[in-house]
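Visitor: sequence-free structure coming up:
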């Protein structure tokens, strides 16, 4: 849709305009007034966009206007980006530039005098264009809505009645939830059981089955049903509770409660008194359906009013949000899964045929099975597609549905699109854009919390208003919010990072939202598309060249988002040169699994933030022009086995946050130019992998004051780590793996140990020559997880390990001598680690803290990822919570 990413563009522009750098440039170059007018217009537009997002679905003229507006906004963002690039270039010259470089810069096209003249005209032109388009906003009666809270979207009210025969495949779920209800309540006068799942799974239908179950009917004096929906307004809910209690009493016993005739007009104080008197000492069963809770204090206030009920009262909550479930529940939530394929098919056939009619059409049933596979167990999707095919017996109609995405079909208010769109509309604008961008990735793609935020950061979709909060950490928070709202699923914790997926129907939703903005493996693309990915290995370069030839202003090109067969990326040098010369505004360029030498014109991409050359089999040298990419945030060179080394001016990449490198060089030291890796003071993530010749790391690692993750993998000639390793103040994760000759980890000195005060996770894996951990290990007072695998020469732990009071988990595998010394009670090193809650030796737990469902709720149940509590609770729960 036309509005996708527009809110983020507006935020980015306002952020740039508000920067000290741009204000100074505007004053110096005579465009201060124009920039101020841009700021005023963008502020107004941003305030209207929330309302526009809500209305554009049904208004084509509004969508067209938003499309025009977005085109101008992109151009404004690019222009301001060039201002910032010029400032960065000036900063690099002042910091690292020689006299010769400064003279060459003066006579270049980026000399400030002609540049300022050109840019001032460009800003004035863009300001006029923006004013012309923005003036049409009056045609749409858009309201100014606060961006601090998403707009309230009304959902059709639900009710408590359902015929059991209408609900297919939920008998087992029903019994499990009933058991939770029967067995909950120890220590609680009123227990709260949440049911969580994405829209369309049938949470409400399941709640109706339970509400009308014989056990519930016979065991509760009052039954109440309230559809909460998006606005958790206390006064409104109290009125509905009273009305539901009155209706329930009438249904149960035929009696009418003695209530004031005009209670609907009472104030909050009178209403709460009336509710308390209605429920006093009554054992009640309450369903709060479709809860969207933003302020937990509102729930606490309501819960206190409900506490007057008799002991054994139950509240059943349905919600799409894990955060709501953990805020409200007195036990961990029941996570509702999809239907089995057989049950989903039964539901589909029920809506596609009259009863018994399907037996006459075995051929259609066979096609129906393929259609049901697309539904992924979501009942609402099966019902929608079944209804679409009702009374249609032409095989071509069924093939049309099978071979097309659900979102290509005409939608009605009761169909799957409104159900999922409701969830989407409730997202904050920044999460909407991040979710929508995921349409570029193939279905069933395995994301992780390192890679995805890199893409978001590159497109300016992550905005931090706290200078001390790294963007990567904020991106991880965004992912967790989307996980908690069921936009992502299949969470898998790997202790120092986690993986997850997107449901196919959610992917279809993202694709629909971005159909004019993003394209993934579709050769019939809209000319307004700015983000493209080519993940299909069947596509040849001629087809891709044709698609790209029809597009302009591309901002994302991803050639291989998955590890497919080697060599599926571009291999034609001229093709790469064409891309680099045509798309000057590109921000993300993923050319992984390719086979070409990188041309020097790469340095002209002033806007580039993300460059992925992973597994390029021909790349032997990076042109030094790469070092002119002052906006570059991520440079990924993993698996570039022929790469000789990094360019001499790599330290000029002053915005580089993520670096993965495989190279043939023996040293990463700065002894030649003084502008090596240690000059990358913005670097947060460094992964040095498969560098077979590498013998030493940079000696001045302590200059990497922002580094949070350091990974060293399969550097077989590396023998020792530099002492400066002890002086990385922001380091949180350290992984050293497969370095066959490594025997020392940076000496045993006590100097600057406070530099590692934030280290939380250490993995030491397959270091056959390592004879000991450094003595300063005991000073890692923030260390939470230490894992040691395959280090047979390690014979003892350092002294004073008992000082590691934050250590929650110690795992040692395939280290015979060390394991013997660490055995409980008999091991010589046992006293050093006896305080650690979870000690695992070759898979055997020496200590396992008793973690119960109650402790899950107490220590971390509020966090959406605490759902990772499973049978292996001690490990899964703690590692999930450590990601917070």
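Guide: Received it, and whenever you're ready, just let me know what you need. Given the structure is predicted, the values throughout are model-derived calculations rather than measurements.

Visitor: any low-confidence regions in the stretch 51-200 of the chain?
Guide: 54, 56-58, 96-117, 145-162, 186-188 (pLDDT under 70).

Visitor: so where do the helices sit in it?
Guide: 60-96, 99-106, 112-134, 171-183 (DSSP state H, counting those that start in this stretch).

Visitor: so of the ones you listed, which one's packed in deepest?
Guide: Mean neighbours per residue, mean count of other C-beta atoms under 10 Å, is largest over the helices of the stretch 51-200 of the chain for helix 60-96, with a mean of 18. C-beta coordinates here come from the backbone N, C-alpha and C atoms, glycine included.

Visitor: of all the helices of the stretch 51-200 of the chain, which lies closest to residue 679?
Guide: With distances scored as C-beta to C-beta, the stretch of the helices of the stretch 51-200 of the chain nearest to residue 679 is helix 60-96 (7.6 Å).

Visitor: what helices and strands are in contact with the closest one?
Guide: Applying 3 or more C-beta pairs under 8 Å, 6 or more residues apart in numbering; DSSP states H and E, we find helix 60-96 packed against helix 6-17, helix 20-28, helix 32-55, helix 99-106, helix 112-134.

Visitor: any idea which residue sits dead centre in the chain?
Guide: Geometric centre of the chain, nearest residue: residue 479, 2.3 Å, by C-alpha atoms, centre = their mean.

Visitor: surely residue 289 forms part of a strand?
Guide: Yes - counting by DSSP: H, G, I helix; E, B strand; the rest coil, residue 289 is found in a strand.

Visitor: just checking, it touches residue 226?
Guide: Yes - under the criterion of C-beta atoms under 8 Å, residue 289 makes contact with residue 226 at 6.9 Å.

Visitor: mean confidence score for stretch 799-817?
Guide: The average pLDDT within stretch 799-817 is 92.

Visitor: buried ones in that stretch?
Guide: Neighbour counts over stretch 799-817 (16 or more other C-beta atoms under 10 Å) mark 801, 804, 807, 808, 809, 810, 811, 812, 815 as buried.

Visitor: could you work out the end-to-end span of that stretch for me?
Guide: Taking C-alpha to C-alpha, to the nearest Å, stretch 799-817 runs 16 Å from one end to the other.

Visitor: same check on stretch 346-364?
Guide: Terminal residues of stretch 346-364 are spaced 13 Å apart (C-alpha to C-alpha).

Visitor: got the buried residues for that stretch?
Guide: Buried residues in stretch 346-364, defined by neighbour count with 16+ other C-beta under 10 Å: 346, 347, 348, 349, 350, 352, 353, 358, 361, 364.

Visitor: closest to residue 213 among those residues?
Guide: Proximity of those to residue 213, judged by C-beta to C-beta, is greatest for residue 347, which lies at 20.6 Å.

Visitor: show me what contacts the closest residue to residue 387 other than its chain neighbours?
Guide: With C-beta to C-beta, 6 or more residues apart in numbering as the criterion, residue 387 has its nearest non-adjacent residue at 4.9 Å, and that residue is residue 351. The neighbours of residue 351, taking C-beta atoms under 8 Å, 6 or more residues apart in numbering as the test, are 382, 383, 386, 387, 390.

Visitor: my guess is residue 315 contacts residue 194, does it?
Guide: No - checked against C-beta under 8 Å, the pair residue 315 and residue 194 is beyond contact range at 9.1 Å.

Visitor: who's more crowded, these two?
Guide: Using other C-beta atoms under 10 Å as the criterion, residue 315 and residue 194 rank with residue 194 on top: 28 against 23.

Visitor: contacting residues for the more buried one?
Guide: Contact partners of residue 194, counting by C-beta under 8 Å, 6+ apart, are 316, 317, 318, 319, 324, 325, 326, 328, 329, 333, 334.

Visitor: kindly report the same for residue 234.
Guide: Contacts for residue 234 (C-beta under 8 Å, 6+ apart) come out as 268, 298, 301, 302.

Visitor: what do you get if the cut-off is 6 Å, keeping everything else the same?
Guide: The neighbours of residue 234, taking C-beta atoms under 6 Å, 6 or more residues apart in numbering as the test, are residue 298.

Visitor: go on, the one 10 residues further on?
Guide: Residue 244 is in contact with 224, 225, 226, counting by C-beta under 6 Å, 6+ apart.

Visitor: which one is it nearest to, not counting chain neighbours?
Guide: Leaving out its chain neighbours, the residue that sits closest to residue 244 by C-beta to C-beta, 6+ apart is residue 224, at 4.0 Å.

Visitor: and if you look at residue 364?
Guide: Of all residues not flanking residue 364 in the chain, residue 398 sits nearest, at 5.4 Å (C-beta to C-beta, 6+ apart).

Visitor: most neighbours of all the contacts of residue 351, which one?
Guide: residue 382 (32 neighbours).

Visitor: so it makes contact with residue 347?
Guide: Yes - under the criterion of C-beta atoms under 6 Å, residue 382 makes contact with residue 347 at 4.7 Å.

Visitor: can you tell me the closest non-neighbouring residue to residue 458?
Guide: Nearest non-adjacent residue to residue 458, counting by C-beta to C-beta, 6+ apart: residue 609, 3.6 Å away.

Visitor: one more: residue 503?
Guide: The spatially closest residue to residue 503, leaving aside those adjacent along the chain, is residue 489, at 5.7 Å (C-beta to C-beta, 6+ apart).

Visitor: roughly how far does that neighbour sit from residue 377?
Guide: Applying C-beta to C-beta, to the nearest Å, the value for residue 489 to residue 377 is 12 Å.

Visitor: show me which of the two is the more surrounded one.
Guide: Between residue 489 and residue 377, counting by other C-beta under 10 Å, residue 377 is the more crowded of the two (20 against 16).

Visitor: tell me the contacts of the more buried one?
Guide: Residues near residue 377 by C-beta under 6 Å, 6+ apart: 338, 339, 344.

Visitor: rerun that using 7 Å as the cut-off
Guide: For residue 377, the contact set (C-beta atoms under 7 Å, 6 or more residues apart in numbering) comprises 337, 338, 339, 344.

Visitor: name the nearest residue to the second one, sequence neighbours excluded.
Guide: Just to be clear, that refers to residue 338. Nearest non-adjacent residue to residue 338, counting by C-beta to C-beta, 6+ apart: residue 377, 2.1 Å away.

Visitor: please apply the same query to the first one.
Guide: Residue nearest to residue 337 in three dimensions, not counting chain neighbours: residue 377, with 7.0 Å by C-beta to C-beta, 6+ apart.
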